[in-house]
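Visitor: Below are the sequence and a predicted model; questions follow.
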Amino acid sequence: MATTKAAGMTRRERFEAQQRRRSLIIAATSTLVVVACIIIFVPMTPGWAKVQRSFFNGDVLVDTFPKLLDAFKINIMIFAWSAPAIAILGLLIALARDAKSPALFPLRIFGATFTDVFRGVPVILTVYLIGFGIPGLGLPRPWNSPYIWGSLALILTYSAYVAEIFRSGIDSVHQSQRSAALSLGLSERQVMRDVVLPQAIRNVVPAQMNMLIALQKDVSLLSFIGPVEIFRQAGVFKSLTANFTPYVGAAIIFLIVTIPATRYADYLMAKQMRDRS
Amino acid sequence: MAKLKLRGVVKQFGPNTVCNGIDLDVEEGQMVCLIGASGAGKSTLLRCIDLLEAVEDGEMFLAGEGIAIPGLHPQGVRARIGMVFQSFNLFPHMTALENAMLAPRRVHGRSKADLVGEVEELFNRFGLAERMHNFPDQLSGGQQQRVAIIRALAMRPEVMLFDEITSALDPQLVGEVLDVLLMLKQQGMTMVLATHEMGFARQAADKVCFLKDGKIIEEGQPEALFDAPEREETKAFLARALK
């Protein structure tokens, strides 16, 4: 062999290292230019001083942030009891829609209608209709609480979506798995429970993570029917301070939760792609 | 009395007649090989015998009992017949041992504790004792297929069906799976194979059936069928398959 390895690198490695350096320099330069433009030009806009005062006011942020965090606990609470309910109801609806026995036909119709209705109506409408409508029946305390009926609205809407995802997961399990399980003498129900569902649920974990993230944000819609959660609390502070910074504070708090969650969901998704290939 | 008896079995998928009147007798302890081109109906016939497909017409008897009866509950029959597939079809979320114990636990209602010794013995016998606690994706193709055989055997079936079980394997892994079949034959298992392994069929089968267009058009002892086929179609197929 005439060619020798220079500095322990093959020719390909040297080429790729060079390419990497090039990409890095280009990426860094273009990022710098964009950031510089924002820093230089945005403050030159005529309304910047006003926007800065009313949206990025440091004093207001420091004053209101702890109380916004407090209000966020309500979001977490509503999320914490809604999410498991959604998982269970969503799975039941998915199974109902796949029920084969003729005796369970009403269940299939119910499942199909349920998903059609609650996927077809905007979340905010469902929240209004259930959140105002049912307490309007004149139920005694605590059964007139917007926490209960608002959560129910979220649970119903999200269950419809989650059910469809579970169904796609069930469909993603290869037919040959069913054949193999049936050939061993298992019943349809045992095949579903022991063979299909465990694989189906695993397949849809990343997709369901994204539903959780969306739910986390949509909990704020309950503010329209009463609960003083973070969005409502930020609105209160906006009125008190005549300043929009509390909304920015609320957005920051949401991002602190959702960015890691989104990254994690992406990681799971990428991992699944790798595992399948 | 034949362990497995088929008379005039017909299976259609829409307008396609895949099995077109098949008669077959398999005696206790016999190994019968089904050969023929892809699409001849070998796999479908095996799926019909295991009641994974409902037959249009014809009779099937397992140890004298009719099993091709419309409305018959298939589970009981499937539990008595073991089937092994081309693509292994192990349950990927369970270890090899769990794969083998699932059906006896669920169908026969046996406890893990009661089963484990017996199933471990199967893993020992087929040289997979160290692999018992691995998941399918940690096993080679040959090992996976042997686990699939163990999984079927754990139900103590009366008849075993093998659907081209070496077709998805690398050539160097085929031998270890075929060895398992020879062991089963020695133990007196009744077996029906759909196979493209002509050498194996010739060496091990008690009877070879050649299928074409959903019919068994020639059958006989392996030497007779391979060395002196009577039908032109059989000759043509063997000429291509043995080339």
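Guide: Structure's in. What do you need?

Visitor: Assign residue B:8 to helix, strand or coil.
Guide: Following DSSP: H, G, I helix; E, B strand; the rest coil, residue B:8 is assigned to strand.

Visitor: Surely it is in contact with residue B:56?
Guide: No. Between residue B:8 and residue B:56 there is no contact under CB atoms under 8 Å: 10.2 Å. Yep, even glycine has a C-beta here, placed from its N, CA and C like the rest.

Visitor: those helices in the chain, which residues are they?
Guide: Using chain A here. Counting by DSSP state H, one finds helices in chain A at the ranges A:11-41, A:48-55, A:58-97, A:105-120, A:123-133, A:146-172, A:175-183, A:188-190, A:197-218, A:230-241, A:245-276.

Visitor: sorry, should have said chain B
Guide: Secondary structure of chain B (DSSP H): helices located at B:42-49, B:74-80, B:96-108, B:112-125, B:141-153, B:171-186, B:198-204, B:222-227, B:232-241.

Visitor: And those helices: which comes nearest residue A:73?
Guide: Evaluated with CB to CB, the helices of chain B place helix B:96-108 nearest to residue A:73, the distance being 42.2 Å.

Visitor: which other helices and strands contact that closest one?
Guide: helix B:74-80, helix B:112-125, helix B:141-153 (3 or more CB pairs under 8 Å, 6 or more residues apart in numbering or on different chains; DSSP states H and E).

Visitor: Distance check, residue A:60 against residue A:249.
Guide: In this view, residue A:60 and residue A:249 are 8 Å apart by CB to CB, to the nearest Å.

Visitor: from what I can see residue B:208 touches residue B:35, true?
Guide: Yes. Using CB under 8 Å, residue B:208 is in contact with residue B:35, at 6.1 Å.

Visitor: any common contacting residues for those two?
Guide: Counting by CB atoms under 8 Å, 6 or more residues apart in numbering or on different chains, the common neighbours of residue B:208 and residue B:35 are residue B:201.

Visitor: what's the burial count for residue 37?
Guide: Picking chain A for this. 10 (other CB atoms under 10 Å in any protein chain shown).

Visitor: Let me rephrase: I mean chain B.
Guide: For residue B:37, the count of nearby residues is 17 (other CB under 10 Å).

Visitor: dump the residue contacts of it.
Guide: Contact partners of residue B:37, counting by CB under 8 Å, 6+ apart, are B:212, B:237.

Visitor: Just the pLDDT for whichever residue of chain B sits closest to chain A.
Guide: Nearest to chain A, among the residues of chain B, is residue B:79, at 2.9 Å (CB to the nearest CB). For residue B:79, the model assigns a pLDDT of 96.

Visitor: cool, and the one 5 residues further on?
Guide: Here, the pLDDT recorded for residue B:84 equals 97.

Visitor: Bridged to it, which residues?
Guide: residue B:162 (DSSP bridges).

Visitor: is it true that it touches residue B:145?
Guide: Yes. In terms of CB under 8 Å, residue B:84 counts as a neighbour of residue B:145; the distance is 7.2 Å.

Visitor: which ones are touching the closest residue to residue B:129 other than its chain neighbours?
Guide: Among residues not flanking residue B:129 along the chain, residue B:123 sits closest, at 5.1 Å (CB to CB, 6 or more residues apart in numbering or on different chains). Residues near residue B:123 by CB under 8 Å, 6+ apart: B:96, B:97, B:100, B:129, B:131, B:132, B:150.

Visitor: Distance of residue B:123 relative to residue B:184?
Guide: Distance of residue B:123 to residue B:184, given as CB to CB: 15 Å.

Visitor: now do residue B:84
Guide: From residue B:84 to residue B:184 the distance is 11 Å (CB to CB).

Visitor: neighbour count winner among these two?
Guide: Ranked by neighbour count (other CB under 10 Å), residue B:84 and residue B:184 place residue B:84 first, with 28 against 19.

Visitor: list the contacts for that one?
Guide: Per CB under 8 Å, 6+ apart, neighbours of residue B:84: B:145, B:148, B:149, B:152, B:160, B:161, B:162, B:163, B:165.

Visitor: Quick one: buried ones out of those residues?
Guide: Among the contacts of residue B:84, the ones that count as buried by 16 or more other CB atoms under 10 Å in any protein chain shown are B:145, B:148, B:149, B:152, B:160, B:161, B:162, B:163, B:165.

Visitor: Touching, the first one and residue B:179? I think so.
Guide: Right, the one you point to is residue B:145. No. Using CB under 8 Å, residue B:145 is not in contact with residue B:179, being 11.5 Å away.

Visitor: Pull up the per-residue confidence for the residue nearest to residue B:189 when sequence neighbours are not counted.
Guide: Once flanking residues are discounted, residue B:189 sits nearest to residue B:160: 5.7 Å by CB to CB, 6+ apart. For residue B:160, the pLDDT comes out at 97.

Visitor: Residue B:73 versus residue B:160, what's the distance?
Guide: The spacing between residue B:160 and residue B:73, counted by CB to CB, is 21 Å.

Visitor: Any stretches of the stretch 151-277 of chain A with poor pLDDT?
Guide: Applying pLDDT under 70 to the stretch 151-277 of chain A picks out residues A:276-277.

Visitor: And the residue of it closest to chain B?
Guide: The nearest approach of the stretch 151-277 of chain A to chain B comes at residue A:185, 2.9 Å away (CB to the nearest CB).

Visitor: Hmm, that residue is touching residue B:79, no?
Guide: Yes. Shown here, residue A:185 and residue B:79 form a contact pair, counting by CB under 8 Å, at 2.9 Å.

Visitor: any shared contact partners between the two?
Guide: Shared contacts of residue A:185 and residue B:79, defined by CB under 8 Å, 6+ apart, are found at B:103, B:107, B:155.

Visitor: could I get these as TSV with pLDDT and distance to residue B:62?
Guide: Below are the shared contacts of residue A:185 and residue B:79 laid out as TSV (pLDDT from 0 to 100; distance: CB to CB, whole Å):
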residue	pLDDT	distance to residue B:62
B:103	97	18
B:107	96	16
B:155	96	14
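
Visitor: Thanks again, I'm all set now.
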